[in-house]
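>>> what shape does this take:
(2 chains)
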Protein chains: 2
Amino acid sequence: MKLAKRGVVTSTVKKIAKDEKVNAERVRNGVAKGKIVVMEKGEEVCGIGAGLRTKVNANVGTSTDFARVEEEVRKVKAAVEAGTDTVMDLSTGGNLEAVLKRIIRASRVPVGTVPVYSAFVNSFKKGELPREEDILKAVERHMQLGVNFVTVHAAMRRKGLDLTKSRIMRIVSRGGCMLAAWMMKNEKENPLYTNFDYLLELAEDRDVILSLGDALRPGCLSDSTDRAQMHELITQGELVKRAHERNVSVICEGPGHVPIEKIEANIMLQKKICSGAPFYVLGPLVTDIAVGYDHISSAIGGAIAAKAGADFLCVVTPSEHVALPRVEDVVDGVVAMRIAAHAADIAKRMDNEVDLEMSKARAELDWRKQFDCAIYDKKAREYRKKRGSRSRACSMCGDYCAIKIMKELEGVSAHSKDEQYRPGKH
Amino acid sequence: MKLAKRGVVTSTVKKIAKDEKVNAERVRNGVAKGKIVVMEKGEEVCGIGAGLRTKVNANVGTSTDFARVEEEVRKVKAAVEAGTDTVMDLSTGGNLEAVLKRIIRASRVPVGTVPVYSAFVNSFKKGELPREEDILKAVERHMQLGVNFVTVHAAMRRKGLDLTKSRIMRIVSRGGCMLAAWMMKNEKENPLYTNFDYLLELAEDRDVILSLGDALRPGCLSDSTDRAQMHELITQGELVKRAHERNVSVICEGPGHVPIEKIEANIMLQKKICSGAPFYVLGPLVTDIAVGYDHISSAIGGAIAAKAGADFLCVVTPSEHVALPRVEDVVDGVVAMRIAAHAADIAKRMDNEVDLEMSKARAELDWRKQFDCAIYDKKAREYRKKRGSRSRACSMCGDYCAIKIMKELEGVSAHSKDEQYRPGKH
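Numbers count the residues shown, from 1 in each chain, chains lettered A, B, ... in the order given. The predicted structure follows:
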């Protein structure tokens, strides 16, 4: 951010601009103003924010019930293959540092974490709460290990915590709840808030993005957009200002569970109060009752949110609220959220080039090209293989494929002669 | 409609009003004004339109590649179990009348069809096009067999057909393309348009709903909201007026493939031009490249459309554009679209009672109640069974479940003693 403010167009900015077919000077300006953040991991660059493609993050990580490192590594690889832009390691089971190292090594794309998990899980194992310095050290350690962004729930304050008392579901953020436990037991203010200047120092030194977590995000529609959420949002806004003054790039995390009619207002408020910092939403889920199918509920919310200005969508898998996801659940979640992001980008950027290519391929019944254009082609190929048609059309319409019939009528046949449409063949 | 105009509140109207917790007089008024249609099949009633819950339709039916009646009957039963409000039999393979009879018998919910399929498929088998009277007879026959609604693509006219010439994908409606073939080969106007008065007579006699099909719906984003689509829409508006004058209830079918930013305008136009008649949308799909996942693309579009005023959402399955769906694809499609419909209803009707119940159950970690509140509980139960936690929480957070931790902090434990949260247990 410092370089961008000085007017320097770095090679990372150039690469992002080229990838996204936007002007490099606009990207630099976005970074300087805090409206874009940039990440780099090996050959991969990732820009998140105003005027750029909506990005998607996939969560992986062990839990106390399933602490299988190899499975998490497989999730990382599958998520990247399915097109996620970043991954977050949210492990809470097993040797956390060992898991994180493996995930950083396995991931081609930028990696984020929630360092408070390490501090709390390691202390809990000894039956105690971490000391203030343990929490800060965990943040530093994650940065040393080479993560690209860390979530710090620095905006939850004692007043905000008090305001959750009238909720149906007080706190559903895991990191937020750990910090809440610390604040309540110690009767102290949030250590990530009181030490925010130190966190900025760490982030500046290591060139790591801070993601301002939303500890008080609503856990159900009824709690959405309430006073607790707004209290934390106001503090997020304050922290964004402080970060930008120190030349530290930040993103802001947001809800959660939000009914459709309140999504746009949520995004507008967040953007306004947080000086246009890139907005990272979890879903949002547009109903509470889609358990087993929350990837769909969150794809609906994500598309509406991204259209309204959200920049970064966190994947919700079908197993959310019930179980740690399997590899295939992560893939289903990534694909669903990528569909949401892409649909919103069509609306925001008015760019539907690949959709146009797909449509032309469809009009030609050119299956190879259709699969090439697909957002994720595996399932479509399987359908075609296992439930294919005897004709060149798909097996849904078979001989009565509208595209085929219209081609025949126009006297244009894209098919070889023996494949031509003949009424009465079957 | 005639009774409603006379002020009679029929038992069907009463039942619908009771089911939906709305005023019966308002439902009657909606029917009288053509803004609500009512269907009845055995014990089941279904109201579609202004102020009522958004309804969902699932398509079933054989194709020339998969003409397996038993599989289609299984789809009907699975779709109804998954909560579809109606089913449409779109069969084009095998003995169509025999299939339809089986489906009508198998379905507890109202059944719709596209009678032109029968007329054309049966003629095509003889290597010819149907005569005008064959097409009309097919409509009458379907009504005799006891269907609740029939799609008639009566609004596609020669001028509209001409306007498709500049499209990427001219016609993607199967019925539309059959009629287009007829119109082009015979150089005549659409027989469903020229005989619309006769169709109204049939519908009035048999008390069957006419669904004004959109033969010229766009098959890709690029063709969306173009002159061809608008030309057909204007004719739909004319036909709605004629139907209402004859006391025939109609619904209007709409797109299709529509980018997010154009959905609201599409619904507004349709409602305005078609005198507020219930609007039945296929998706819409918000991107062309989600092949294999088009249930998600259409759930996004469906939610936005229903929020904007669409009343009836047609399910798109994951196998759309590739293959005739399997039973599980139909179920996945129904659940996805029900999530979309429900999310929109929360926004439209401001009613989230079951969501509130779910949230309370979640706050109590009461799994039985959670499954009871779920929109479709099968998958969630499976997750819990196969990927459950040793604790009462879910296996995603396990010991670090925010809900559990907050409960402990508050000194309220919903768990039996041996299940209590103990830091350091694992």
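>>> the spatially closest residue to residue A:55 that is not a sequence neighbour: neighbouring residues, count only.
In space, and not counting its chain neighbours, residue A:55 is closest to residue A:85: 4.0 Å by CB to CB, 6 or more residues apart in numbering or on different chains. C-beta: built from backbone N, CA, C; applies to glycine. Residue A:85: 24 surrounding residues under other CB atoms under 10 Å in any protein chain shown.
>>> need the contact list for residue A:85.
A:46, A:48, A:55-57, A:109-110 (CB atoms under 8 Å, 6 or more residues apart in numbering or on different chains).
>>> mind doing that once more with 6 Å?
By CB atoms under 6 Å, 6 or more residues apart in numbering or on different chains, the contact set of residue A:85 is A:46, A:55-56.
>>> got it, and residue A:341?
Here residue A:341 is in contact with A:54, A:56, A:306, A:313 (CB under 6 Å, 6+ apart).
>>> can you report phi and psi for the second one?
Backbone torsions for residue A:56, taken as degrees, to the nearest 10, come to phi -130, psi 140.
>>> wait, a strand at residue A:87?
Yes - counting by DSSP: H, G, I helix; E, B strand; the rest coil, residue A:87 is part of a strand.
>>> before we move on, back to that, buried ones among the contacts of residue A:85?
A:46, A:55-56 (16 or more other CB atoms under 10 Å in any protein chain shown).
>>> give me the element the residue lying closest to residue A:227 once chain neighbours are set aside is part of.
Of all residues not flanking residue A:227 in the chain, residue A:163 sits nearest, at 4.9 Å (CB to CB, 6+ apart). In the assignment (DSSP states H and E), residue A:163 maps to helix A:158-163.
>>> tell me what that helix is packed against?
Judged by 3 or more CB pairs under 6 Å, 6 or more residues apart in numbering or on different chains; DSSP states H and E, helix A:158-163 is in contact with helix A:227-245.
>>> mind picking the one among the buried ones among the contacts of residue A:85 that's closest to residue B:20?
residue A:56 (37.6 Å; CB to CB).
>>> as JSON lines, the contacts of residue A:341 with distance to residue A:239, secondary structure and pLDDT would be great.
Listed next are these as JSON lines, based on distance: CB to CB, whole Å; DSSP: H, G, I helix; E, B strand; the rest coil; pLDDT from 0 to 100:
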{"residue": "A:54", "distance to residue A:239": "24", "secondary structure": "coil", "pLDDT": "97"}
{"residue": "A:56", "distance to residue A:239": "25", "secondary structure": "strand", "pLDDT": "98"}
{"residue": "A:306", "distance to residue A:239": "23", "secondary structure": "helix", "pLDDT": "98"}
{"residue": "A:313", "distance to residue A:239": "22", "secondary structure": "strand", "pLDDT": "98"}
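>>> please identify which of these is nearest to chain B.
residue A:306 (9.2 Å; CB to the nearest CB).
>>> circling back to that earlier point, check contacts around the residue nearest to residue A:227.
A:227-228, A:231.
>>> let's go with 10 Å and repeat that
Applying CB atoms under 10 Å, 6 or more residues apart in numbering or on different chains to residue A:163 gives the contacts A:157, A:170, A:216, A:226-232.
>>> among the residues you listed, name the buried ones.
A:157, A:170, A:216, A:228-229, A:231-232.
>>> could these go into a markdown table alongside pLDDT and distance to residue B:76?
Listed next are the buried ones among the contacts of residue A:163 as a markdown table, based on pLDDT from 0 to 100; distance: CB to CB, whole Å:
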| residue | pLDDT | distance to residue B:76 |
| --- | --- | --- |
| A:157 | 98 | 55 |
| A:170 | 94 | 44 |
| A:216 | 97 | 46 |
| A:228 | 97 | 47 |
| A:229 | 97 | 44 |
| A:231 | 97 | 51 |
| A:232 | 98 | 49 |
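>>> per-residue pLDDT, the residue nearest to residue A:227?
In this model, residue A:163 is scored at 96, pLDDT.
>>> same check on residue A:159?
pLDDT, residue A:159: 96.
>>> now swap in residue A:350 and tell me
In this prediction, residue A:350 has a pLDDT value of 70.
>>> what do you get for residue A:169?
94.
>>> how much space separates it from residue A:104?
33 Å (CB to CB, to the nearest Å).
>>> picking that back up, can I get the helix holding residue A:163 in CSV, CA atoms only?
Taking C-alpha atoms only, helix A:158-163 is exported to CSV below (Å, rounded to 0.1, in the frame of the first residue of the first chain):
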residue,chain,number,x,y,z
ARG,A,158,-17.3,-5.5,25.4
LYS,A,159,-20.3,-3.3,24.5
GLY,A,160,-21.0,-5.3,21.3
LEU,A,161,-20.7,-8.5,23.3
ASP,A,162,-23.3,-7.2,25.8
LEU,A,163,-25.6,-6.4,22.9
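>>> what about that helix, distance to the chain center?
Computed by CA atoms, centre = their mean, to the nearest Å, the separation of helix A:158-163 from the middle of its chain amounts to 27 Å.
>>> can you list the buried residues in it?
For helix A:158-163, by 16+ other CB under 10 Å, it's A:160-161, A:163.
>>> now swap in stretch A:355-367 and tell me
A:355-363, A:365, A:367.
>>> how about these in CSV, adding secondary structure?
Listed next are these as CSV, based on three-state DSSP:
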residue, secondary structure
A:355, helix
A:356, helix
A:357, helix
A:358, helix
A:359, helix
A:360, helix
A:361, helix
A:362, helix
A:363, helix
A:365, coil
A:367, helix
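>>> so which of those residues are also by chain B?
A:355-363, A:367 (CB under 10 Å from any CB of the partner chain).
>>> ok, and which of the contacts of residue A:341 reach chain B?
Applying CB under 10 Å from any CB to the contacts of residue A:341, those adjacent to chain B are residue A:306.
>>> which two among the contacts of residue A:341 are spaced furthest apart?
Pairwise across the contacts of residue A:341, and taking CB to CB, the largest span is found between A:56 and A:306, at 9.7 Å.
>>> mutual contacts of the two, please.
Common neighbours of residue A:56 and residue A:306 (CB under 10 Å, 6+ apart) are A:312-313, A:337, A:340-342.
>>> secondary structure for the residues you listed - can I get that in TSV?
Below are the shared contacts of residue A:56 and residue A:306 laid out as TSV (three-state DSSP):
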residue	secondary structure
A:312	strand
A:313	strand
A:337	helix
A:340	helix
A:341	helix
A:342	helix
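>>> which one of these is nearest chain B?
residue A:342 (5.4 Å).
>>> for that closest one, what are its contacts?
A:53-54, A:56, A:83, A:303, A:306, A:351-352, A:354-355, A:375, B:286-287, B:289-290, B:297.
>>> mind giving me the PyMOL command for buried ones among those residues?
Remark: buried members of the contacts of residue A:342, expressed as a PyMOL selection using 16+ other CB under 10 Å:
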select buried, (chain A and resi 53+54+56+83+303+306+352+354+355+375) or (chain B and resi 286+287+289+290+297)
